[in-house]
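Novice: Sequence and predicted structure, then a few things I'm wondering about:
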Amino acid sequence: MKKINLENVTLTNRSKKYFSPKNIKELKKIINYNPNATFLSGGTDLSLHVTKERKEINNIISLNSIKELKFIKEKNGNIQVGAGISLIKFEQYVKKYYPDFNSILKRYGSVQIRNVGTIAGNIATASPIGDTLPLLLSLDAKVVLQKNSKQTVLPLNKFFISYRKTKLKKGQFIHSIIIPIYKKNIFKAYKISKRIDDDISSVCASFNLEVINKKIKNIKIAYGGMAAIPKRAINCEKILINSNLSEENFNKAKKYLEKDFAPIDDMRASKNYRMEVAKNLLMKCFIEIKKHKLIRLN
Ligand SMILES: Cc1cc2nc3c(=O)[nH]c(=O)nc-3n(C[C@H](O)[C@H](O)[C@H](O)COP(=O)(O)OP(=O)(O)OC[C@H]3O[C@@H](n4cnc5c(N)ncnc54)[C@H](O)[C@@H]3O)c2cc1C
């Protein structure tokens, strides 16, 4: 087993191929020979193509054994997370920077899912209800994309094109994620789902504010479950930026969520519920800041 562990693995079964390279150099070679192969990280989303949709995946490139992608560090005022870091490792690391990010991750799937699932996988799915995505958007995170030896840094805000479509090109993979550390900001995130544990969000909201002398100097708001992609609430932000931290301003701003989003009905929630809850979460954020108190049931 030790010997196998040191080697790049290639398995073939008729026309199907599975690769598990040990380093990026080997990964680049495999991608060049197999440009249409599908990347596998934790497999918690990808495997549903087989188990739920009954589809076949021909060529798979597992990124799990690449040590160069398994890093997490603080550098130049940012957290940089390698694509190979599991959600559970990130959950522990992020707690001291953003406690609410940690709380949301605690309710992300189950421990088993978080032991293998990754942020990179969550980003690549571009799911409108991917839980890390509104949080990363409100923190103005960037993705480092790699194709051959070339790395490109793209703001996450520009990464999602439409429902489950991203800017990822053929043969390009997510190398890492860069998350700015806002030492003075207030960061809040809320997940609404039918169950506390192991449930997908109906709505997920995230707020990142810089407040100086009761004035909002900067604000970034993002929601999941409100559109075809996870998205910033730009119109709502515009009302709040440079305004006083007051109930009146938040009440005014919440109406602008109707300009930002046109949610849909589905089995998780109705469009009316989604809009109502999105507005209420904005008000909850205001009340928590105003009262210097967390209003959390769990
Ligand atoms: C029981 C269960 C509960 C879940 N609960 C939640 C939840 O609460 N919240 C939530 O948001 N999600 C949830 N999910 C969905 C899933 O766990 C997440 O989306 C997870 O982050 C996917 O990461 P992964 O590493 O497993 O990705 P994979 O399944 O390995 O890959 C997902 C997609 O990303 C691509 N990909 C993976 N890594 C890279 C990379 N480095 N570069 C480019 N493309 C890449 C793959 O090709 C694939 O298309 C749940 C899933 C299950 C099965």
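Specialist: Thanks, I have the structure now. Because the structure is a prediction, the values reported are computed rather than measured.

Novice: Next one: the residue in the stretch 51-200 of the chain that the ligand sits nearest to from Leu135, what distance?
Specialist: Nearest residue of the stretch 51-200 of the chain to the ligand: Gly121, at 2.2 Å (Cβ to the nearest ligand atom). C-beta here means a position set from N, CA and C on the backbone, and glycine is covered the same way. Distance of Gly121 to Leu135, given as Cβ to Cβ, to the nearest Å: 15 Å.

Novice: I'd say the residue of the stretch 51-200 of the chain closest to the ligand and Thr44 touch.
Specialist: Yes: counting by Cβ atoms under 8 Å, Gly121 does reach Thr44; the two are 7.0 Å apart.

Novice: These two: who's more crowded?
Specialist: Gly121 (24 against 20; other Cβ atoms under 10 Å).

Novice: who are the neighbours in contact with the more buried one?
Specialist: 41-42, 44-46 (Cβ atoms under 8 Å, 6 or more residues apart in numbering).

Novice: By neighbours, which of these wins?
Specialist: Neighbour counts for those peak at Ser41, which has 25 neighbours (criterion: other Cβ under 10 Å).

Novice: Would you quantify the distance from it to Tyr93?
Specialist: In this view, Ser41 and Tyr93 are 17 Å apart by Cβ to Cβ.

Novice: gap between the helix or strand where Ile4 lies and the chain center?
Specialist: According to DSSP states H and E, Ile4 maps onto helix 2-6. How far helix 2-6 lies from its chain's middle: 33 Å, per Cα atoms, centre = their mean, to the nearest Å.

Novice: Tell me the one of the contacts of Gly121 nearest Ile79?
Specialist: Ser41 (18.4 Å; Cβ to Cβ).

Novice: List the contacts of the closest one.
Specialist: Contacts of Ser41 by Cβ under 8 Å, 6+ apart are 63-64, 83-84, 117-118, 120-121.

Novice: Can you select the buried ones among the residues you listed for me in PyMOL?
Specialist: Paste this into PyMOL to select the buried members of these, with burial taken from 16 or more other Cβ atoms under 10 Å:
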select buried, resi 63+64+83+84+117+118+120+121
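
Novice: Which two among the contacts of Ser41 are spaced furthest apart?
Specialist: Leu63 and Gly117 (12.7 Å).

Novice: Strands of the stretch 1-150 of the chain, start to end?
Specialist: Using DSSP state E, counting those that start in this stretch, the strands of the stretch 1-150 of the chain run over 9-13, 16-20, 38-40, 59-62, 72-75, 78-82, 142-147, 150-155.

Novice: in stretch 105-113, what counts as buried?
Specialist: Result for stretch 105-113 [16+ other Cβ under 10 Å]: buried residues 105-109, 113.

Novice: now do the same end-to-end measure for that stretch.
Specialist: End-to-end distance for stretch 105-113, by Cα to Cα, to the nearest Å: 11 Å.

Novice: Please apply the same query to stretch 152-167.
Specialist: Length of stretch 152-167, first residue to last, Cα to Cα: 11 Å.

Novice: what comes up buried for that stretch?
Specialist: Neighbour counts using 16+ other Cβ under 10 Å place 156-157, 159-160, 166 of stretch 152-167 among the buried residues.

Novice: got a list of contacts for it?
Specialist: By Cβ under 8 Å, 6+ apart, stretch 152-167 touches 123-128, 133, 136-137, 140-146, 177-178, 228-232.

Novice: quick one, domains of the protein?
Specialist: 2-65, 68-180, 186-291 (automatic domain parsing).

Novice: Is the first one positioned near the ligand?
Specialist: Yes: in terms of Cβ under 6 Å from any ligand atom, part of domain 2-65 sits within range of the ligand, namely 38-46, 63.

Novice: pLDDT averaged over that domain - what is it?
Specialist: Taken as a whole, domain 2-65 has a mean pLDDT of 93.

Novice: do stretch 117-129 as well
Specialist: Computed over stretch 117-129, the mean pLDDT rounds to 97.

Novice: again, but for stretch 147-161
Specialist: Averaging pLDDT along stretch 147-161 yields 97.

Novice: ends of that stretch, how far apart?
Specialist: 19 Å.

Novice: That stretch and the ligand, are they touching?
Specialist: No: between stretch 147-161 and the ligand, judged by Cβ under 6 Å from any ligand atom, nothing touches; the nearest distance is 10.7 Å.

Novice: Tell me how far that stretch lies from the chain's centre.
Specialist: 14 Å.

Novice: Could you do stretch 111-123 as well?
Specialist: 10 Å.

Novice: Straight-line length of it, end to end?
Specialist: End-to-end distance for stretch 111-123, by Cα to Cα: 19 Å.

Novice: Sweet, I'm off.
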